[in-house]
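**Student:** here you go, sequence then predicted model.
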Amino acid sequence: MTKQHVNVAIAVSSPIISSGLKMCLMRMTDSIFNVVETSGYRELVDACNMHDIHIIIVNPSFGGIFNPNSFRNEVPHLVRLILIETGPVDEHSRKLYDQSIGVMDDMMTIASKIHKILNTDTENIKSKDLLSLREKEIVSLVVKGMTNKEIADKLFISVHTVITHRRNIARKLEIHSATGLTIYAIVNHLVDISDIRI
């Protein structure tokens, strides 16, 4: 049985809790967890876009006050949010997250909750809409014939970031040719045929 690779971002301001979470993830043997620890909100958003993060374990006080809805608007690809409860959390706030774990939870409870989310993700990843909004934007610009430099200038990002997005797009769609990408863009209404440079 192949182990599932899972990219996890830990967004907790306490280094002790962050280290403990990382240790818990490393002890789970049925999946391979690649852990990114972040210290600020912008760093978390960048990590999600650069590392194709699947799960974020976050404290509600991260970055001042962490707002799951605002965050999901900035990182539109499928990311599961796990609330790490270090104190009382009202029910309304808890419902904004996909799952919650407490600092007093044992390894079995943490593993169970994370695997519940992973099983949900496996089903959702099979859906047709694999790309984030930014990736869809890049696909449309590539298909329109723009170079990496032109795309970077238009979107106010670095050429390196464009290349990373293009690599992620190819991996997610399993499309490695310009023709295949063009067909995907047309079928999924990311471009109009008249926009394509021949």
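**Tutor:** Great, that's in hand. Numbers count the residues shown, from 1 in each chain.
**Student:** next up, the contacts around residue 89.
**Tutor:** Residues in contact with residue 89 (CB atoms under 8 Å, 6 or more residues apart in numbering) are 60, 83, 100. (C-beta placed from N, C-alpha, C; glycine too.)
**Student:** any idea which helix or strand carries it?
**Tutor:** Using DSSP states H and E, residue 89 maps to neither a helix nor a strand.
**Student:** residue 45 is in contact with residue 71, isn't it?
**Tutor:** Yes. Taking contacts as CB atoms under 8 Å, residue 45 lies within contact range of residue 71: 7.5 Å.
**Student:** ok, and the most crowded of the contacts of residue 89?
**Tutor:** Highest neighbour count within these: residue 83, with 23 neighbours (other CB atoms under 10 Å).
**Student:** show me how far the helix or strand harbouring it is from its chain's centre.
**Tutor:** Element membership for residue 83 (DSSP H and E) is strand 80-85. Its chain's C-alpha centre lies 14 Å from the corresponding centre of strand 80-85 when counted by CA atoms, centre = their mean, to the nearest Å.
**Student:** partner strands of it, with direction?
**Tutor:** In the sheet, strand 80-85 lines up against strand 55-58 (parallel), strand 99-102 (parallel) (DSSP bridges).
**Student:** now do the helix or strand following that strand: everything it contacts.
**Tutor:** Sequence-wise, the next helix or strand downstream of strand 80-85 (DSSP H and E) is helix 91-94. Residues outside helix 91-94 that contact it (CB under 8 Å, 6+ apart): 60, 83, 100.
**Student:** mind redoing it with 6 Å?
**Tutor:** If you take CB atoms under 6 Å, 6 or more residues apart in numbering as the criterion, helix 91-94 is touched by residue 100.
**Student:** secondary structure element for the spatially most central residue of the chain, which one?
**Tutor:** In the chain, the centroid-proximal residue (CA atoms, centre = their mean) is residue 53; its distance is 3.5 Å. Applying DSSP H and E as the criterion places residue 53 outside every helix and strand.
**Student:** domains of the chain?
**Tutor:** 4-125, 133-195 (automatic domain parsing).
**Student:** okay if I get the ones you listed as JSON lines plus mean pLDDT?
**Tutor:** Shown next, in JSON lines, are the domains of the chain (pLDDT from 0 to 100):
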{"stretch": "domain 4-125", "mean pLDDT": "82"}
{"stretch": "domain 133-195", "mean pLDDT": "88"}
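**Student:** residue 32 contacts residue 7, doesn't it?
**Tutor:** No. If you go by CB atoms under 6 Å, residue 32 and residue 7 don't touch, sitting 9.9 Å apart.
**Student:** compare those two (neighbour count), which wins?
**Tutor:** Between residue 32 and residue 7, residue 7 has the larger neighbour count (other CB under 10 Å), namely 18 against 14.
**Student:** now do the SS call for residue 34.
**Tutor:** At residue 34 the chain is in strand, as set by DSSP: H, G, I helix; E, B strand; the rest coil.
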